[in-house]
Structure formats: structure tokens, C-alpha cells
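[1] Take a look and give me a structure for this.
(chains A and B)
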2 protein chains.
Amino acid sequence: MEDHAEDHDIEIEGYGGIGEEKEFGSMKEPLLLRNRQNNTSQIAIVGANVCPIESLDYEIVENELFKQDWRARKKNEIVQYVVLKWTLALLIGFSTGVVAFFSNLAVENIAGFKLLLTNSLMLRANYYQAFGAFAGCNAVLAVAAATLCAYGAPAAAGSGIPEVKAYLNGVDAPSILAPSTLFVKIFGSIFGVAAGLVVGKEGPMVHTGACIAAFLGQGGSRRYHLTWRWLRHFKNDRDRRDLVTCGAAAGVAAAFRAPVGGVLFALEEAASWWRSALLWRTFFTTAVVAVVLRGFMDFCKSGNCGLFGEGGLIMFDVNSSTANYGTPDLLAIIFLGVLGGLLGSFYNYLVDKVLRTYSIINEKGPIFKVILVLCISLLTSCCSYGLPWLSACTPCPPHLMEQCPTAGRSGNYKNFQCPPHQYNDLASLFFNTNDDAIKNLLSPGITKQFHIPTLLVFFSAIFFLGIVTYGIAVPSGLFIPVILAGASYGRLVGRLLGSISQLDAGLFALLGAASFLGGTMRMTVSLCVILLELTNDLLMLPLMMLVLLISKTVADCFNKGVYDQIVKMKGLPYMEAHAEPYMRQLVAGDVVSGPLFTFSGVEKVGNIWHALKITRHNAFPVIDEPPYTDAPELCGLVLRSHLLVLLKGKKFTKHKVMTGSEIMRRFKAHDFAKAGSGKGVRLEELEISEEEMEMYVDLHPITNTSPYTVVETMSLAKAAVLFRELGLRHLLVVPKTPGRPPIVGILTRHDFVPEHILGLYPHINPHK
Amino acid sequence: MEDHAEDHDIEIEGYGGIGEEKEFGSMKEPLLLRNRQNNTSQIAIVGANVCPIESLDYEIVENELFKQDWRARKKNEIVQYVVLKWTLALLIGFSTGVVAFFSNLAVENIAGFKLLLTNSLMLRANYYQAFGAFAGCNAVLAVAAATLCAYGAPAAAGSGIPEVKAYLNGVDAPSILAPSTLFVKIFGSIFGVAAGLVVGKEGPMVHTGACIAAFLGQGGSRRYHLTWRWLRHFKNDRDRRDLVTCGAAAGVAAAFRAPVGGVLFALEEAASWWRSALLWRTFFTTAVVAVVLRGFMDFCKSGNCGLFGEGGLIMFDVNSSTANYGTPDLLAIIFLGVLGGLLGSFYNYLVDKVLRTYSIINEKGPIFKVILVLCISLLTSCCSYGLPWLSACTPCPPHLMEQCPTAGRSGNYKNFQCPPHQYNDLASLFFNTNDDAIKNLLSPGITKQFHIPTLLVFFSAIFFLGIVTYGIAVPSGLFIPVILAGASYGRLVGRLLGSISQLDAGLFALLGAASFLGGTMRMTVSLCVILLELTNDLLMLPLMMLVLLISKTVADCFNKGVYDQIVKMKGLPYMEAHAEPYMRQLVAGDVVSGPLFTFSGVEKVGNIWHALKITRHNAFPVIDEPPYTDAPELCGLVLRSHLLVLLKGKKFTKHKVMTGSEIMRRFKAHDFAKAGSGKGVRLEELEISEEEMEMYVDLHPITNTSPYTVVETMSLAKAAVLFRELGLRHLLVVPKTPGRPPIVGILTRHDFVPEHILGLYPHINPHK
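    Predicted coordinates:
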């Protein structure tokens, strides 16, 4: 499979990428290869370019140049930096709000036009023509989305939340935040949702927000001639991480019109590091989103937005004035929570299986991806158009405020095949946009009755379609399918238990959605707040909390949350906040092994070039040796990217002498600032003559003289906590006893991956 | 001042306490003494016993005993631990809910009785008698609260939030979470609030929740014969920190009936470390609180709770059905935000000044504390009873649903001195409990009109009383005074701008409260959610966010948040999440200095006893020396408390030999578990004979062999980040070059305190 790597742009280097980042591979190579082989089929789901997965580095590189730059820093630069930070937060919020509004506008208009067209054909009883028009529109839209995605930016497929989560954990999956991904994500999501696929636009919106943040954060894109010099302050991973966190929060805020929920989502699900200061900035960003969206919605109220109407940016107004409940209600709700937990973990299990199957199809090439999407689109069209025929017609209830049957696009009472003054309740769910279907499911029981078979059919179809749709090559969120399925079984339970519980069927639907969300995504506070903001009903809070806690607890007994599962399946080396128990049985020295590439303080250019050439290591220890010191001592750590910039500058000397001050005059700290992905100096670009290869270069000015170190006897668990808490990329392991070489090895993210550790020590019981 | 230290139980050892924790004091002694002298007057606010401030230690102590224990751990012990964690969360939530309910019940009944008595005297026109009864009741209650507080548990005075915040940052202020503090906090708060003082019960509730968590977490209290052996799992600072976080969240949730707000408060304001897993557990705790409170409230609805009525556990039901707003409304709200920011920072400034003045009075002894409280109580009574006379009587509006004038205790229309069918609007605010006054201020403008002079008088009086009341020796929260003042100026602004803004006066009051809260406390998301949960109106969200962001931004230009200010003034060495800029100009080696007390791997008992006797250090480095090793090498770090337990066990040998295995048989890891505050082995308890002093003891089994280390050339800023992120108590500094002694010094929390650093390096510009 590996020799096909160049033929198509699928990521099959999962562990390989990380393996190549390893510092000292030779002894472990067989293991790495084995891992690579084993995991190939699991990994190749995210389509991406062949460049390897990179780790992010949040450590402050304290080298001479940095210190000089710091000393020269003026007060106004600090003020400028703060102003810039907030300006960027504003820009991210504004852009995300605008993008969210326009993609909703596009979806509503495209899907609305499609539904109106089909409806008009049905009114004239041209049922086969109507199906043709419906399925045709869907197929064209789905193929458009798939083509964009398969050929343009494979990284834009799927939800995007797992990748954003991994990025915020320190794993930079290839081109996951690239401008092309942003473009494809926006338009692919519009087409995919408008095509009537059982996908949401919420997950993609989070990814879009993160992409916008990354785009603005790296000062635009050089390729598209959109660069801003004043943004160069943010050329480091730490600041980018903060911006991407704001972007993810803005995405949720825009998708659900839930500013507080957005902040909490970023906090609970997305971010791995969090500071109080960031809370405030994220809050500001989501507030901007809320203001922007409100402005646009007000503008649309006067009817300027075509078929937009109430918009996809719904607030499902449940407003149960009577939130009184007794013991039987509570029992019903506990039952709902348990059911949600069971169904949620089963859903995750099936999604996992389907994703593994699809990955085999998707690997065969982009055209197969498009064909798969086309199949799913036809299946969805058949279900949406075919299943409502199973339902009998219901006479419209008398004395109704609303129009019945519905005349326009949305509404509660779809006429479908029925005679006038009757409606088809299954069509009201299927033959509609997903947002309107949710609105119908959550509507109070008095306004709208759904028959029990209707709910059963709808739940089964949506549960099944949701599973087979995720993983195809279109941007596809999980929120909407899960809410749809949850609300339908919630309402079903409400109908069945109607005799013992006083609660409204709409409330049951809402709690059902909450339970299923809790069971699949395993969030608590953020889901709770998002649902409250969505439904505008604070009195539901205690019941919502109860349902979420129960469903999460039940589901956690079986498997992990769906996003964690996808992260794992994609082979992204996510680091958990806690160390695994078996890590206590090992020490740091157990997982590192030689040989190690090290440099002298003043090193021969040829040696450096050679080391950069034959390894993919991202950092090299620098050892000061006699005659400069009495005994070999650890000077620090030097980064590959810094070495490349230094070599390009060509400040070499004939003899082995320290030339630090000269280099300091030649370079400024921002010459070494981290470039956007794939934009740094490449080894192949360097033109170094034979003569220069024999010359020397002083590494001291670019050596980070205070890398974090641990003693080799520290337990791996403790080292993992240090690594994770500080967001490191490299952790130096030093010997316990003096008199040995001053460094034992380097720990990287890869060394903490369970598969790696258990490969080295197969006798360890991973569950103890 | 220092020689009076034993005469009264006031904490005057602020920096001294930390100084004594320092590892190597002799060179710095003059500095420490100077600091102590300088800060004495600033520190002596929290009354407390003379035991010093302790740091908390979140590091995993990896010694031989721990490793042995870990290896022997069975699977069911892990399950037991998890079950216990959740059981404790449940218990904390339940207890906090019960305590919150009963203290509200007590307050409502006591204050209600007092107001009814006064009212009945006024109806008979016995105005002087009425004042006597009113002021007398207030004085008795206030003196009861003050006596409890001054003699029982001085640590219970004040809000408690700053201390909880400091605890969660790693500073264990003396007896701040002791059972006696818990008792006094509950009853002191009941008496203080019932006495009509301008204090809230919200801050004390947070402290109460934290105390309950600490009490349960340390397995009860040995002194009160309430200990549970099965709770011994939690005898370490890490687990206690998590429990106290849950407790603080439960406190807020109980005080405001805001479960989500409680979680966010713990996250944004209280906690310094946070994990996703903790979010869930905290959420569970606050959910339990909500359920418990709801149960009690339902019970009280049937009138079983005396004068409880709607209860202090209010939800201010604003419910503005029309949340439409245009540009003039937004301008009015921006104005409100700016005003809130200015007033808030001014409030903080005045609170700081008043606290410093009071600390001088409070230091003189408990009786002075009581007198001060009595004075403030009389002042408050005069204001509450006297000022309403300034207001003219208003005829009751016709066609009113409510009774007018109010017959019972609470209500909108207080008769006061007015003839029948008229009411006094100032009395409706003053002559009421604080909760009812807030309810009146937030009531819609149509229902209730307050005259402009009324609001002006009330605002001035409450603003002033709030400032002079905080800092006296009663448990006193800041939320209620701030909400009262904020709501009154908000409503005032609403009245004044009534011509240009369409918003309701009640909404203006709510936004005014938000702006003043933002200006004093500087929280954002948590305040927003608390206020939303309190008022049950999600449509206010965008306006609330706007007001909070503006007021916080404006106020941050002037000074710090009120809690940070109090923490600083109390001399608690709080560690900020970010390093100060000037720390970049120093390296770790700059702030440590010798001489250092170190032990050999096998050390003479006498030496250990001597070192424990003459220093207050909490940890000592252990150095292995020839002949056991080739050259001196760092073995690890040993804690004072562990040394004391080891010495008490008396496993000594005549000769210098390793007896690790014997000691391992004698001791189990839980013998060394951290005892509750003040319960460990004391040096004075040890009875070691002259002969034993000459014997040896093997320290290896209790030596933490992998303490965190940094190289001496690491910048202080980077070391501070490591120290803070990992929650350390000791950070070893090792030499850069080999051949020197294996340890340079130990960094403790004290070394990162700005005053300490700037004392050592006065030439450094702290603002660069």
C-alpha cells in the first residue's frame, strides 16, 4: 500500500510521520515499521497531502537572540501586541459571523428552491418527475461537494472537530488549517447540507472558525498575496494556539447562536490548555459573533434574503411555561438518559466500523470518494422521498393558527401526496431541511401530533443514515444527525410514556436530543448550555443536567466519545491530560534509546548538513566540549528550523572559533520566527559548496540554553504530566550519575503513545 | 508590633510564615525581616491563629514506599477510589445544599420577625420605640456574629472567596478550612445578614462549600470524633484541591441557585488548575445542589417554613418579553458599562483603603472588633430607619394586583410613616432584606416607579455602607452590596435616559448590576451566566456580555479585581498564571542562595533532628556520597513531614548501612499520607535519646527520587511557568557545569513573590 503513496493524496503516514520526528530511530525502526504497517488501514481516513504530521512547540526558546530581542523591546511594542491580540479576536469573531450567516443564507435558498420545485411538481401529481427533480438536485449538489473535497482539499472532509482538538493538543495534521481547506470547508458544507444529506453544518463551522483564526494569525497567505507585516508578532505556536481556540469557540457560537456555549465548548472539548485570560478573549470573540449574526438577522427580517425566512440560525423556542415535574417524570427522564447512553455508545461503535470500511474505499482514489458520495446521496433521496409514502394522511386540526397544509417551503404541515386539508406527518420530518425537522420535533405536543409509527420510522432511518453518511468525502457535522435521532426517540418515548408523565412531548424530544448528544459526544456543561441557549428555556436546566450526566456515565462504560475515537483512528498522537497507569511502572530512561545526534557548540557545517539530511529530527542537543569547558556539558537544544535559517545566512568561519556576536549582528530574533506551515527554509534550497562544508558555524546564539530536563529515573507517568502540562515538543533526559555523557536522550510526543510503549514492553498490562 | 503576637490571635506573620518555609535563610534574613516589618500593617486583616501560612504540594512524591504501594495496588482499589470520588462529590453537593437552605430559612425568619415587630410598632405610631426595637435587634444580631467570629474563628471574617482562591492556588492560610471556621461562617453569616448589615451571604456560601469539602475530604475531624477510615485515599493535596474546587462551585450554585454559573465561577475565578475531568465532577456537584434546593423549596411552598415565603433563594424573574433594542439603547448601555467600570475601580480603591484602616483597629484585639461591628450596625440601622423619612409619601397606584401598602413582611409597597393607601418608595428599599430590595429594584418599570431622588439617596447610602461594612469581623459577601448599588444606579440611569431609550427600567437595573459586578470583580463568563440563571432571561445575553466586557475593560485600566486585591493585601503569596516581564532578566540561580541544608543517603539521626529543629524548611535535598557512589550525586528530595514519621518509627542502626528493605517492611505508604492541617507528627513529640542521636537512619525509602529540576541558567520566568503549571512546592536548581556540588538551591513559592525579587534586585524596573 505504501508504494501508492504518491499516486493519491491520502495520508497514510500516520505513525510514520511521527516516527520520522523521532530523534534516534535506528534501534526502534522495526517497531515503527510494524506500527506503520498495522495502522495503515486505520489511519488513511483523513485525506491530506503526504507531508508528515508535525508536533507543535509551545516552549519559549530561550536563546541569545531571543534574550537580545527581549532586552531591546520597547514599552509600546507590548501595548501594540495587546491591541493586536484583541483586534485579531474581533476580526475572527466578525469573519466567522459573516461566513456563518452567508453559508446559512446559501443553504436556505438552495435547499428552499429545491423543495419548492419538487413540491410544485407533486401538486400536479407528477410524482416520478418530482422524485427525479429531487434526487437529481441532491445528487448534483452532493457531487459538487464531493468533487471539491476529494480534489481540492481532502482535509476538509468530515467534521473537523477531531482535527481542531488534536491541533490544540499540539498535533499539526497536514494542511488541516490551510486556506484551501477553509475554502472547501465553507462551500463543501453549503452544498452537502443543501443536498439533503444527513449532515450538520455545526462541526464544519467549528473547523471554519479555526481555519479563519489560523489564516489571520499567520498574517494571511503569501500565495494569495494577502500578507500583513504587522501580524508578525504571532509567528509562534503559542499565540496561534490561542487564536485557534478563539476560532473554534466562534464557530460553535455561530453555528448555534450560543455565545456562552461556544466558550464552554472550546473549554471542555476543544482546548487542551486553558488560561483565565483566554476565557475573556474567547468570550469577546463569541460576543462579536452574536452581534454580527443578530445584525444580519434583523436585516433579513424585512424579507431581503430570499427564502431565508427564519433562517437556519434557529432558536428552537420551546418555552415550556410549566416546568413542573414529579417522580414519574423523573423516572421517565432517567430512562431516557440510560437509553441515550446505550444508543450513543452503540452509535459510536457503528461509526467507528463504518469509518474503517470507508477508509478502504476512500484510499482507492478521489473518484471512488465521489462515487461513494453519490451512492449515499441517492440512498438519502430514496429515504426522504420514499418513506413518507408509508404514512397515512391526517386531517388538518381545526382552529389552527398556522396554515395547513403548509404552503411555502418550511412549516409544520407538509401536504406531500395527501388531498387538500390533510397532511403527511412523516413528510414534515423527511421532506424538509434538517433544521426545520428539528424545529418540528421540538414543537409542543398540543400544536403537533406525530404518530408513533412515524417517529419509529424516522428514528430508524436517521440513525442509520447518520452513521453511513459520516466519513464520506463531504464536510459533515455530527451534531444535527445526533440531535435529529435523539429528538425523534425522545418524542417517541414521550408518546409511549404519555400516560404516566405530565411532561410535554416537545420537552421529551429536547431531553432525548440531550441524552443522545451526551451519549455520543460525552460533553456535559457545554452541551447543557448550548441546548439551553438554543431552546431559550432555563427552567429545563435541572432536567437537562440529569439527562446529560446519566447518558454520559452509561456510555462511558462502553467506549470513548466519538471525537476521541476519530482522533485515535486517524493516528493523531493525542496526549491525554492524565498519565496511563502502566506508565508508573516505567522510567523516562526506558523509552529513549541511542544513538543520538548531537552537535558541538561550534560545529562543522558539513556535519550539520549531513545530520539534517539523513534524519527528520526536529531538535538536536548541543554539547559544549573541552577545550571550551572542563568536561562535556549540556549547552542546550537547537531546532531544525533555526539551523536551516542559520545555514542559509552563511556566517561560517574557517576555524573552530566562537563568532556569536557577529551572528547576533547579522540576525534578528524574528528571522527565526516560525513560518506558516510549509513555508520555512527547506534543506534542498540550501546551496552549500564543498569548501563551505569544511567550515565551522557557532550554534550558541540559536541554542535554547534552558530546555526542560528530567532525570532518567523519573517515572514515565511524571514525565508525561510535565510534557503535557507545559505543551512541550522535546523533553531532554539527563543521566542520574555524573561522569557519563550529559544527555541520555530526548522524549517526544511519540514516546508517550501507548502503542509505542506497549510495543517496547509487551509484557506490561495496559489496564493495570 | 511583633512582640504582641502571642497576646491575640491575629495573623501578623504573613511574609514571615513564608520566610520560615524558605530553605536557606541566613543570607536573606535581613531582607525577610524588612519585608516582615513593612508588611505587618498590611497583612493583619485576616484574623487567624499564629501558625504560619503553608504551601500545598501537588507533586507526586515518587519514593520507594510509594512505588511499592503502587505495585501492590489491586484493581478493586482503583474502582473503590473512583466510586469514592463521586460519592464525595455527591456528599459535598448535598451538604452544601442543605446548609444553604437552612441558613436562608434562618435568615428569612429572623429578619422577618424583626421587620414585623418594627412594623407593628410603627403602625401604632410608636416611632421611637420602633427604632429602638429595630436598632436593638440589629445590634444584638451583629454583636452575636462578631463575637462568634472574633473569639471563635477569626478566619471566618470577610468573604472567604480570596482565601479559597489562594488555597486553590497552593497557599494554605491558617485554619482557613478548619471545622471551627465552617461553624462560625454558617452562623456568623446568618446573624450578620439577619442584622440588616449591607453584606451578602454569597461569598460566605462559597467559603462554606469549600470548608465542607475540606472537612469531608480529610475524612472528618479527629477532634470531634468524626473520622472515616475509608476516606484515607484523599490524604494528599491533589485530591483535596479537587474537592475544594467542587465545594466552591457548590457554594455559588447554592447561593444563586445557578448550577452552571457555579461551575463557571469555580473555573474562572476560583481555580488555578483545571482538568476536563474536574469539569464533569463539578457539574455533578452543582446539579446535586440544584436538586436538593428544589426539593426544599417545593416543601416550603406549602407554607411549612414560617416566614420563608419565596425565600432568599430568589430567582429575580425579569422576563422582558420585548428584548428589542436599537442604537440609542446600545449607547445607553455602553454608557452604563463605562460608568460601571469607573465606579467599580473606585469601589475597589476605597475598599482597599478601608481594609487597611480596619486592620489597625482589628489588630488591637477581639473586643475592638466587636465594638467596630457594633458601630457599623448602629450606622446601618440609622440609615435604614432614618433615610426613608426624607422621602415623600406616594399614593398607591389604582388597579393594582398587589396589596398596597404591603401588609406582610416583604413586598413592593412599604407603608412606613405614610397614611393608609400611600407608600414610601425609599422604605421599600431600605426597610427590607437585601434580597427583597434587589427584587424591587429589578421589577419592571410599569409595576413600580422609583423617584429619582429615592434612587440617588439609596445608591449613595448603599455604596458607602457597602465599603465600610466589608472588613469588619463578620462573614460578609460582596455580591449583594455590589448588586444593590449597581441595580440602583442602573435604574437611575434608566430613569434619566428614559426619553431616549425604550428599554425597561428593570432591565436597566439588571444591566447596572452587571456593570458594577464586572467593574469590581472582573469576571466575565461566570457573572454573565450567574445573572442569566438568576433572572431567567436568555434574551438579555448579548446586552449583558456587552456591559460586562466594557466595564471590565475600563476598570482594568485602573486597578485589579477586588478579590486579587484582597489576596495581595493579606500577604498570601498568590502565583499568577503568567510570569512577570522582569523575571526574564533574571535566571533561576539569581534568586536562590546558600547555605543549604542537605542530608546524606544514610544520615545521622542527630543531624536530622538538629536540622528540623533549627530550620522551618519543608524539604531537604538528599545527596548520595562516596563510598556509595563514585562522586556526590543528587539522590532526591525528602519532606519534613516524612522525616518526622520516620524518626518516630525509630528504625535506626548503629552503623552507616542501608536498611531500606527493613524500613519498607515497617512502614506502609499511607503512614506518610498528609494529615489534616495541624495533625501531623510534631518535632516536640519525638523522644530521642542521646544514644539514638548518634545512630543512623536510611533515608532512601522516603526520598522522592525524581523531583523536578531546572538548570541554574534557566530564566526565572520559565522556571515560574514550570512551578505554576505543575503546582510545585519545591523546585530544585541544579548546576550547569559538572564537577560542582550536585545542587545549587531550592526555589519555593516565596522566591517568585515580586517583593522578594525586587528586594534582591532593586535596580530592576518591575514594569518593563
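[2] thinking A:Asp556 is in contact with A:Arg522, fair?
    Yes - between A:Asp556 and A:Arg522 there is a contact at 6.6 Å, judged by Cβ atoms under 8 Å. Every C-beta, even on glycine, is put in place using the N, C-alpha and C of the backbone.
[3] Looking at chain A, which helix is longest?
    helix A:75-123 (DSSP state H).
[4] Got the confidence number for whatever residue of the stretch 251-400 of chain A ends up closest to chain B?
    In the stretch 251-400 of chain A, the residue found nearest to chain B is A:Ala287; the distance is 4.3 Å by Cβ to the nearest Cβ. Looking at A:Ala287, its pLDDT stands at 87.
[5] can you pull the contacts of A:Asp172?
    Neighbouring residues of A:Asp172 by Cβ atoms under 8 Å, 6 or more residues apart in numbering or on different chains: A:53-56, A:677.
[6] In chain A, mark out all the strands, start to finish.
    Using DSSP state E, the strands of chain A run over A:54-55, A:171-172, A:220-221, A:226-227, A:394-395, A:422-423, A:599-600, A:602-604, A:619-624, A:633-639, A:696-698, A:709-711, A:731-734, A:745-747.
[7] so which of those gets nearest B:Gln502?
    Ranking the strands of chain A by proximity to B:Gln502 (Cβ to Cβ) places strand A:422-423 first, at 40.3 Å.
[8] Average the pLDDT values over the closest one and round to the nearest integer.
    For strand A:422-423, the mean confidence score works out to 83.
[9] what's the longest helix of chain A packed up against?
    Here helix A:75-123 touches helix A:127-147, helix A:179-194, helix A:202-217, helix A:237-256, helix A:276-301, going by 3 or more Cβ pairs under 8 Å, 6 or more residues apart in numbering or on different chains; DSSP states H and E.
[10] comparing the ones you listed, which gets the lowest mean pLDDT score?
    helix A:276-301 (a mean of 85).
[11] in it, what counts as buried?
    A:276, A:278-293, A:296-297, A:300 (16 or more other Cβ atoms under 10 Å in any protein chain shown).
[12] thinking again about what came up before, nearest spatial neighbour of the residue of the stretch 251-400 of chain A closest to chain B, skipping sequence neighbours?
    Nearest residue to A:Ala287, sequence neighbours excluded (Cβ to Cβ, 6 or more residues apart in numbering or on different chains): B:Met545, at 4.3 Å.
[13] which residues sit in contact with the one you found?
    A:259, A:283, A:287, A:290, B:524, B:528.
[14] Looking at A:Asp556 and A:Arg522 now, which is surrounded by more residues?
    Comparing A:Asp556 with A:Arg522 by other Cβ atoms under 10 Å in any protein chain shown, the one with more neighbours is A:Arg522, at 28 against 17.
[15] quick one: the more buried one and A:Val493, what's the gap?
    Per Cβ to Cβ, to the nearest Å, A:Arg522 is found 21 Å from A:Val493.
[16] how much space between the residue lying closest to A:Glu694 once chain neighbours are set aside and chain B?
    In space, and not counting its chain neighbours, A:Glu694 is closest to A:Gly606: 6.4 Å by Cβ to Cβ, 6+ apart. For A:Gly606, the distance to chain B equals 29 Å [Cβ to the nearest Cβ, to the nearest Å].
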